[in-house]
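K.L.:
Any chance you can model this:
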Amino acid sequence: MRLQVTCEDRLGLTRELLAQLEDNRIDLRGIEIDVAGIIYLHLSDVDFASLQKLLPDLRRIAGVMDVKTVGYMPSEREHHEIQALMKALPDLVFALDIKGRLTQANDAVLNILRLSLKDIQGVQAGSFLKGFAFLQWLSSESPQPETCKLVFAGEEFLADILPIFIPDTQGVSHLAGAVVVLKSARRVGHHFNLLHSYDDSSFEQFTAESQVMQQLLHQARRFAMQDQPLLIMGETGSGKEMLVRACHRASLRANGPLLTLNCAALPDDVAEHELFGSAPGAFGPDWPGKKGLLEQASGGAFLLDEVAEMSPLLQSKLLRVLQDGRFHRVGQESEVTVDVRLYCTTRKSLGEQVRKGLFREDLFFRLNVLTLEMPTLRQRLADIMPLAQQFCSRISEELQRRRPRFSRSMTEFLNSYPWPGNVRQLKNALYQALTLLEGDELTPDVLRLPLMDAHESTAEQWFEGSLPEATKRFERLMLERLYPLYPSSRQLAQRLGLSHTAVANKLREYGLNKAEPV
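P.N.:
Now for the predicted structure:
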């Protein structure tokens, strides 16, 4: 129980407060006095009846203006605030006493050491921090702030070493210890890049007349600046890899490499070798060893193209990398540590793959941090003609021919065709048409596209059977597509404009609520 007593600054008032506590047989555990005329009392646990009697007794003391219960003493609140700050800081922070022994360290330190605070308290700083004579510095007449390179856990850091002075009652400052703040080269580089080289002009290459594309690019600009995995879903030819490259160029890692592995193109042993590399001698005495793509991408980013096709073996190995940035090269016992941002693309629903048992649930949750879904060209009707005009100009320049005009029927055809291959199909169809075109006008008959009624939806399958059956098929598909993006029934309900109960029932009906909690 803590009480806050607002009162006048009167001689003897504190003594009277303590006398009232004694009269009410209440134990005092602590007292703190604020210069602003507030006294804080830390009492033993008090039942409701005793508190009802105590508060009026305290308020009747001359000079007491108000008494109320509070959650913390000022020192306790300050302690909790410092602890919260220490937990939130991404940099590594140590506190030392005047003998150079560790007294405090934040979570970022303890996570790397894999030790508890009690394990390191009292240990000399030099046991963990190499490259600076802490005891000699603390023993000097007047230690000054220092900045230097230190080695911690086998990695170089930029260190700020700051002395802590505490004044006594006479106003004379005395050395009480020091604080050491370590910044990794990567974080320093990120801050420098943020100040000097942030550029989101890479998104300007996208045609975005449609509202759905404008919303996507708005989200992509914000996600580009983060360092968490980014999952991009979308149909074949919709521009997933192009969006990845735009995000990378707009990120703080833009100066680092962006490497790619197609998860569907290689067998397990080859993919593992490409991804993680191999040690010297792993494939015979003459094998020199090879850095894997992940290691080569350290400091930059890595793209797993069609991640839904990744084998169970590679999934388990990738999970370890996402957890702590470490892995083993093929044929090597020692670990390799990398620092990469991960991008993933997929044309399949990872949530559905999890439900089918084809994709690890724990890996799905690791990857499903930031998610974007590329709209199909069918959803971007306002972008079709601007895209067609752009492609036509570029292709005409490449073929060194005069740019042809679009007939009215051509415009109508382009806007009504379903484009199952999306933007890539549109570009390829125009390239072939312009290559074969002999006149100056583009008409639908010069396009060599799959035999498909331009006015017929690619969702023709939904017209099979009765109306309720078709409605349920479409409803299930919509929920399957949206659930990974809004992974709780409440979020999904808000997106669909339905009640939470209605969406929860539909998810249960279609068996879609098994992979993620509702």
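K.L.:
so where's the stretch 51-200 of the chain shaky on pLDDT?
P.N.:
Scanning the stretch 51-200 of the chain for pLDDT under 70 picks out 85-86, 88, 186-200.
K.L.:
mind running it again at 50?
P.N.:
196 (pLDDT under 50).
K.L.:
can you give me the helices for it?
P.N.:
74-88, 107-113, 117-120, 134-139, 185-196 (DSSP state H, counting those that start in this stretch).
K.L.:
So which other helices or strands are in contact with the longest one?
P.N.:
Of the remaining helices and strands, those touching helix 74-88 by 3 or more CB pairs under 8 Å, 6 or more residues apart in numbering; DSSP states H and E are strand 28-34. Every residue, glycine included, has its C-beta placed from N, CA and C.
K.L.:
The strand it packs on pairs with which strands, parallel or anti?
P.N.:
The strands that strand 28-34 pairs with in its sheet are strand 38-43 (antiparallel) (by DSSP bridges).
K.L.:
ok, and what's touching the strand it pairs with?
P.N.:
The contact list for strand 38-43, computed with CB atoms under 8 Å, 6 or more residues apart in numbering, reads 1-7, 14, 17, 21, 26-34, 70, 73-74.
K.L.:
Give me the distance from it to the chain's centre.
P.N.:
42 Å (CA atoms, centre = their mean, to the nearest Å).
K.L.:
for it, what is the average pLDDT?
P.N.:
Strand 38-43 shows a mean pLDDT of 88.
K.L.:
Let the chain start at 784 from now.
P.N.:
New numbering, starting at 784: the last item is strand 821-826.
K.L.:
export it as CSV, just CAs?
P.N.:
Extracted in CSV, the C-alpha atoms of strand 821-826 (Å, rounded to 0.1, in the frame of the first residue of the first chain):
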residue,chain,number,x,y,z
ILE,A,821,4.3,15.8,-1.2
ILE,A,822,5.1,13.0,1.2
TYR,A,823,4.9,9.4,0.0
LEU,A,824,4.3,6.6,2.6
HIS,A,825,5.0,2.9,1.8
LEU,A,826,2.8,0.9,4.2
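K.L.:
contacting residues for the residue nearest the centre of the chain?
P.N.:
Among the residues of the chain, the one closest to the centroid is Q1011, at 3.2 Å (CA atoms, centre = their mean). Counting by CB under 8 Å, 6+ apart, Q1011 touches 1124, 1152-1153.
K.L.:
Restricted to buried residues, select these in PyMOL.
P.N.:
In PyMOL, this line selects whichever of the contacts of Q1011 come out buried by 16 or more other CB atoms under 10 Å:
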select buried, resi 1124+1153
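K.L.:
is it fair to say the residue nearest to the centre of the chain lies in a strand?
P.N.:
No: read with DSSP: H, G, I helix; E, B strand; the rest coil, Q1011 is coil and lies in no strand.
K.L.:
hang on, the earlier thing: what about burial for the contacts of strand 821-826, which qualify?
P.N.:
Buried, going by 16+ other CB under 10 Å: 784-788, 790, 800, 804, 809, 814, 856, out of the contacts of strand 821-826.
K.L.:
how about those residues in a markdown table, adding secondary structure and distance to Q953?
P.N.:
Below are these laid out as a markdown table (DSSP: H, G, I helix; E, B strand; the rest coil; distance: CB to CB, whole Å):
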| residue | secondary structure | distance to Q953 |
| --- | --- | --- |
| M784 | coil | 36 |
| R785 | strand | 32 |
| L786 | strand | 33 |
| Q787 | strand | 31 |
| V788 | strand | 30 |
| C790 | strand | 29 |
| L800 | helix | 30 |
| L804 | helix | 33 |
| I809 | coil | 37 |
| I814 | strand | 24 |
| M856 | coil | 27 |
